[in-house]
Structures are given as C-alpha cells and as structure tokens.
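**Student:** Give me coordinates for this.
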Amino acid sequence: MNYEPVIGLEIHAQLLTGTKIFCGCSTKFGSEPNTQTCPVCTGMPGVLPVLNKRVVEFAIKTGLALKCDIAPYSIFARKNYFYPDLPKGYQISQYELPICEHGYVDISVDGVGRRVGITRIHMEEDAGKNIHGAEVGYSFVDLNRTGVPLMEIVTEPDIRTPAEACEFMKMLRSIVRYLGVCDGNLEEGSLRCDANVSVRSAGLEELGVKTEIKNINSFRFVEKALEYEIKRQVGILKDGGRIVQETRLFDSDAGVTHSMRFKEEAHDYRYFPDPDLVPVVVDDKWVEEIRTTMPELPEQKKKRFIEELGLPGQDAALLADEKALAEWLEEAVKLGANPKNAANWLINELMRMLGEDKTPIEDSRITPKHLADMLALIDKSVISGKIAKSVFNKMYRTGKDANLIVEEEGLVQISDSSELESIIDKVIENNPNEAERCKGGEVKLMGFFVGQIMKETKGKANPNMVNELLRKKLAE
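**Tutor:** Residues are numbered from 1 along each chain as shown. Next up is the predicted model:
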C-alpha cells in the first residue's frame with residue numbers, strides 16, 4: 001500500500017519591535033536574565049496590558065504579503081496552561097477572531113509548483129525561558145522573553161513532502177525579512193517552526209491521525225524531522241498499528257523524534273476573550289496606508305531580475321531570496337555594472353568568500369562601487385579577467401579601490417601590439433619544435449604558447465590580442 005504524507009506548519013515569527021507587545025520593556029536579545037521585565041510582563045496582580053500598535057501594523061503587513069484577508073475586527077484571548085515560564089498562568093493570544101485569514105504562498109520544488117494555503121495569522125506574546133541546571137539539580141526561569149511579540153502563521157495541510165515544507169519555510173523567511181517585520185534568525189529562535197504531519201493511503205481524502213513536532217530551528221532539520229516522522233508513521237501502519245496523536249521533539253543529533261506528551265486539544269486551553277484588552281478595529285484606510293509601504297517582494301524581484309536584467313532563473317532566485325544581496329546587486333548595476341557580469345562575480349566570488357569567513361554581505365569590504373569600478377577596467381581592457389581575480393582578492397582583503405590596486409601594483413594590461421609582438425617572437429624563438437608542430441596542424445599547441453606568453457608578461461598581456469597576433473605569427 002502506498003502512503004501519502006500530509007503536512008501543515010505553524011511558524012512563530014518574533015517581531016522586530018523595540019518593546020514588548022503589552023508593555024514598554026526592551027526586546028533586545030542576549031541581555032542578563034530577568035533584566036528586561038516589569039509588573040506587566042511578569043504578571044503582577046492588578047496590572048493592565050496596553051497593545052503595541054507596531055505589532056498590529058507588522059501583522060497586517062505580513063497578511064497583505066501572504067494574500068490574506070485583513071479582519072476589520074479581531075480580539076485577544078487567554079490561552080490557559082500552567083508552566084514555570086508562563087508567569088500569569090495564561091498566554092495572551094488570538095483564537096476565534098485572528099487578525100488575518102485565508103491567504104496563500106506559491107512555492108516550487110524541482111519545477112513542480114504548489115500553492116500552500118494560509119489558514120490564519122494571529123498575534124500573541126511569547127513565554128519565558130526555562131534553563132535547566134543539571135549540575136545543581138534545579139531549574140531557572142528567565143522572563144526576559146516573556147511578552148516579546150510574536151506572529152503565529154498557520155498553514156493549511158497542503159504540503160506533501162519534507163522538501164516542500166523546507167521550501168515554504170525559506171520562502172516565508174525571505175518574505176518577513178523583506179518586510180522588515182522579523183530578522184528570521186532561526187538560531188536565536190526568532191523564527192520557530194512546529195510541524196503537523198500525518199500519513200494516509202494514497203488517493204484518500206480523509207486525513208490520518210497527526211503528530212506535532214515542536215520547535216524545529218533550521219531548514220535542514222525541518223526536512224530531516226519530517227522525513228523521519230513520515231517513515232516512522234508508515235512503519236507503524238504497515239505493521240498493523242495505529243498512530244497516537246501526540247507532541248514529539250526532534251533530536252537533531254540522533255535524527256529521530258521522541259514522544260513529549262499527548263497532544264492537547266484546543267478546548268484543553270480553555271480559551272476565552274481577554275477582558276483587559278479591547279477589540280482590535282482595523283479600517284480600510286489603515287490597511288491601504290500600510291499597503292503603500294509594502295516593498296517589492298522576493299518573487300516580484302526574481303521576475304524583474306529575469307525580465308529586466310536578463311539573469312538566468314537560478315541566479316535570479318538565489319539573489320532575490322536575500323534582500324541584502326538583491327540590493328547589493330541593484331546598486332552595482334545602478335553604478336554602471338553589467339548585470340550578468342556583476343551577478344557572476346557576486347555569486348561565484350564574493351558570496352563564496354563571505355561564506356568561508358562567515359561574514360554577512362553588509363560587512364563586506366567590497367562594495368557595489370568596488371565591483372562596478374573593477375568591471376569598468378575589464379571593459380576598457382585596462383586589466384584582463386585573470387588579473388581581475390587578483391584585484392578582486394586584494395579588494396576583499398583590504399577594501400582598497402580597484403583603480404588604486406592596479407596603479408600601486410602595476411597591473412595594467414599590455415595592449416600595445418608592438419610590445420606583444422616582441423614577446424611573442426621571443427616565445428616562438430625559444431620553442432622552435434612546438435612552433436613547427438603548431439604550423440603543421442597541432443592546433444592544441446596554441447594553448448601552450450598563450451600560456452608561455454602570459455607567464456612572460458606575468459598575466460598582464462591582453463588575451464584577445466595575444467590570440468590574434470599569435471595566429472598571424474604561426475601562419476607565416
């Protein structure tokens with residue numbers, strides 16, 4: 001019997017606000033434990049939450065990007081559960097009436113497109129963090145994260161493979177980073193993914209019993225966790241067993257999921273409207289004001305890179321995925337660089353170097369102007385492509401301008417025909433046997449002579465002129 005996976009994702013995105021969702025405490029990451037708290041976020045008796053307007057704006061902006069309907073009226077609810085890092089004994093979230101609903105994201109894996117529906121986007125506060133100290137035999141609670149604003153983005157069960165789930169996560173991360181609403185840092189927990197997965201007999205419409213895999217913190221782990229869980233569920237069904245609805249954790253070291261607890265149903269949380277918060281009312285005017293601030297999104301930019309800049313689809317997708325890369329390329333083109341050449345150097349040289357050094361492009365010593373100036377030197381035949389690589393490496397290490405490096409190191413390309421003829425004559429004279437064989441039809445020896453000439457000129461000879469003059473000399 002063939003089985004088909006059915007996958008839905010719940011993504012928590014931490015919003016890039018300076019203060020928390022219901023109080024004025026800082027959201028800065030990495031501060032000393034319990035230094036960014038107040039009576040509101042620690043749940044002291046008698047305090048009242050006040051909604052951060054920026055959180056609503058970010059949720060609306062994300063909803064527009066994901067083609068959602070923006071609710072004119074939404075409410076906050078209390079989600080009741082007890083855990084040490086939840087000081088109030090409940091989490092302020094949204095349930096029946098969220099801020100955004102009914103959107104979608106289009107993805108493509110191996111050339112096959114799929115539309116993934118967005119069930120809802122809702123606003124909520126984060127919980128604190130438990131720190132387990134095994135060496136001392138007890139745990140600590142850091143409440144700095146309590147009240148940090150989150151968006152939860154919930155998909156329809158439209159995803160069918162782990163690869164599609166991974167691609168959806170990458171697409172969503174790219175979108176929220178373009179919007180400036182979340183930094184998408186999976187390692188710091190700014191973007192966290194829970195995956196709901198079930199399997200069913202191929203061809204059936206009825207969904208199987210699902211399990212939820214909690215807090216997956218990398219694209220690779222999303223794929224690996226789902227692959228393992230699908231295999232585990234199929235194995236149980238083939239052996240005549242049944243799947244139990246539960247929450248599981250992914251052990252990235254062992255590559256397996258472990259049972260954490262039986263899955264709670266929604267009614268176990270005893271949701272009810274929060275009496276301390278008024279409804280969120282969003283009128284059309286506000287939505288349209290936010291719409292006017294929307295940037296060009298990754299898919300739009302990719303399409304424009306292909307149509308207007310003439311980039312290959314793969315290059316356009318790679319560069320459009322990261323806003324900083326896309327803007328870097330656009331600035332280089334604006335300064336006069338040929339788009340294809342600029343993209344080639346950016347992808348094959350600069351991105352490789354930055355990756356090896358684990359440096360973001362924002363911190364690169366090479367600026368778009370550096371690259372545009374260097375490409376102009378190549379176009380004017382001042383330097384060759386080979387010399388350009390050396391210049392590029394020096395720009396990367398020092399941050400110096402290409403013109404200055406060429407001037408300081410005497411790297412100007414030799415394009416004087418008489419000087420080149422003299423060097424070619426010398427090389428032919430030093431290699432008479434090879435010259436005769438080349439004249440006799442061994443064309444591959446042309447490469448040998450070009451190499452010798454480049455060696456003689458320390459790579460500074462104009463390669464086009466060398467080839468042209470060499471052919472004439474060997475034809476005499």
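
**Student:** report the longest helix in this structure, please.
**Tutor:** In terms of residue count, the longest helix belonging to the chain (DSSP state H) is helix 219-238.

**Student:** List the buried residues in it.
**Tutor:** Buried residues in helix 219-238, counting neighbours by 16 or more other CB atoms under 10 Å, are found at 219, 221-230, 232-234, 237. Yep, even glycine has a C-beta here, placed from its N, CA and C like the rest.

**Student:** repeat for stretch 78-98
**Tutor:** Quick answer for stretch 78-98 (16+ other CB under 10 Å): 78-79, 85-88, 90-95, 97-98.

**Student:** Not counting its own residues, what contacts that stretch?
**Tutor:** Identification of contacts with stretch 78-98 by CB atoms under 8 Å, 6 or more residues apart in numbering yields 21-22, 41-43, 49, 71, 73-77, 120-125, 127-130, 139, 141, 143, 146, 152, 264, 266, 268-274, 277.

**Student:** Only alpha carbons, please: show it as CSV.
**Tutor:** Output of stretch 78-98 as CSV, limited to C-alpha atoms (Å, rounded to 0.1, in the frame of the first residue of the first chain):
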residue,chain,number,x,y,z
ARG,A,78,-6.4,34.0,27.1
LYS,A,79,-4.8,30.6,26.4
ASN,A,80,-4.7,28.9,29.8
TYR,A,81,-2.0,26.5,30.7
PHE,A,82,0.5,26.1,33.5
TYR,A,83,4.2,26.1,33.1
PRO,A,84,7.1,27.7,35.0
ASP,A,85,8.0,30.2,32.2
LEU,A,86,4.4,31.5,32.0
PRO,A,87,4.0,33.8,35.0
LYS,A,88,0.3,34.7,34.5
GLY,A,89,-0.8,31.1,34.1
TYR,A,90,-2.1,32.0,30.7
GLN,A,91,-0.7,33.4,27.4
ILE,A,92,-2.4,36.3,25.6
SER,A,93,-3.1,35.1,22.1
GLN,A,94,-5.8,35.2,19.5
TYR,A,95,-8.1,32.3,18.7
GLU,A,96,-11.6,32.6,17.2
LEU,A,97,-11.1,36.0,15.6
PRO,A,98,-7.5,36.4,14.4
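
**Student:** Following the chain onward from the helix or strand harbouring Met395, which element is next?
**Tutor:** Assessed by DSSP states H and E, Met395 sits inside helix 385-398. On the C-terminal side of helix 385-398, the closest following helix or strand by DSSP H and E is helix 402-409.

**Student:** and that next one with helix 385-398, angle?
**Tutor:** Orientation check (axes from the mean of the first three to the mean of the last three CA atoms, to 10 degrees): helix 402-409 against helix 385-398 gives 100 degrees.

**Student:** Packing partners of the helix or strand just after helix 402-409?
**Tutor:** Downstream of helix 402-409, the next assigned helix or strand under DSSP H and E is helix 417-430. Applying 3 or more CB pairs under 8 Å, 6 or more residues apart in numbering; DSSP states H and E, one finds that helix 417-430 contacts helix 445-456, helix 463-475.

**Student:** How about exporting helix 417-430 as CSV, limited to the C-alpha atoms?
**Tutor:** Coordinates of each C-alpha in helix 417-430 appear next as CSV, following Å, rounded to 0.1, in the frame of the first residue of the first chain:
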residue,chain,number,x,y,z
SER,A,417,50.7,45.4,-30.3
SER,A,418,54.4,46.1,-31.0
GLU,A,419,55.3,45.1,-27.4
LEU,A,420,53.2,42.0,-27.6
GLU,A,421,54.7,41.0,-31.0
SER,A,422,58.2,41.3,-29.5
ILE,A,423,57.2,38.9,-26.6
ILE,A,424,55.5,36.5,-29.0
ASP,A,425,58.6,36.4,-31.2
LYS,A,426,60.7,35.6,-28.2
VAL,A,427,58.5,32.8,-27.1
ILE,A,428,58.3,31.3,-30.6
GLU,A,429,62.1,31.5,-30.9
ASN,A,430,62.5,29.7,-27.5
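
**Student:** average pLDDT across that helix?
**Tutor:** In this model, helix 417-430 has an average pLDDT of 77.

**Student:** can you pull the buried residues of it?
**Tutor:** Within helix 417-430, the residues scored as buried using 16+ other CB under 10 Å are 420, 423-424, 427-428.

**Student:** now, which of these sits nearest Lys302?
**Tutor:** Using CB to CB, Leu420 is the member of the buried residues of helix 417-430 that sits closest to Lys302, with 43.8 Å.

**Student:** which regions of this protein lie under the pLDDT threshold?
**Tutor:** 1, 134, 262-267, 413-416, 475-476 (pLDDT under 70).

**Student:** What residue spans form the domains of it?
**Tutor:** 3-287, 298-409, 417-475 (automatic domain parsing).

**Student:** Start and end of the first one, how far apart?
**Tutor:** I take that to be domain 3-287. When the termini of domain 3-287 are compared using CA to CA, to the nearest Å, they are 43 Å apart.

**Student:** do the same with stretch 64-74
**Tutor:** Using CA to CA, the end-to-end distance of stretch 64-74 comes to 16 Å.

**Student:** Please work out which residues outside it touch it.
**Tutor:** For stretch 64-74, the external contacting residues (CB under 8 Å, 6+ apart) are 60, 63, 94, 97-105, 118, 121-122, 153, 175, 178-179, 279-284, 287, 290-291, 294, 297.

**Student:** mind checking how far it is from the chain centre?
**Tutor:** Mean-position distance between stretch 64-74 and its chain equals 24 Å (CA atoms, centre = their mean, to the nearest Å).

**Student:** Next: stretch 98-110.
**Tutor:** Using CA atoms, centre = their mean, the offset of stretch 98-110 from its chain centre is 17 Å.

**Student:** how about that stretch: buried residues?
**Tutor:** Here stretch 98-110 shows 98-101, 103, 105, 107, 109 as buried, counting by 16+ other CB under 10 Å.

**Student:** cool, and stretch 44-59?
**Tutor:** Buried-residue list, stretch 44-59, by 16+ other CB under 10 Å: 47, 49, 51-52, 54-59.

**Student:** now swap in stretch 125-142 and tell me
**Tutor:** For stretch 125-142, the neighbour count (16+ other CB under 10 Å) marks 125-129, 141-142 as buried.

**Student:** Endpoints of that stretch, how far apart?
**Tutor:** Chord length of stretch 125-142, first to last residue, is 15 Å (CA to CA).

**Student:** Run through who's touching that stretch.
**Tutor:** Residues outside stretch 125-142 that contact it (CB under 8 Å, 6+ apart): 12, 14, 20-22, 33-34, 41, 83-87, 91-93, 143-150.
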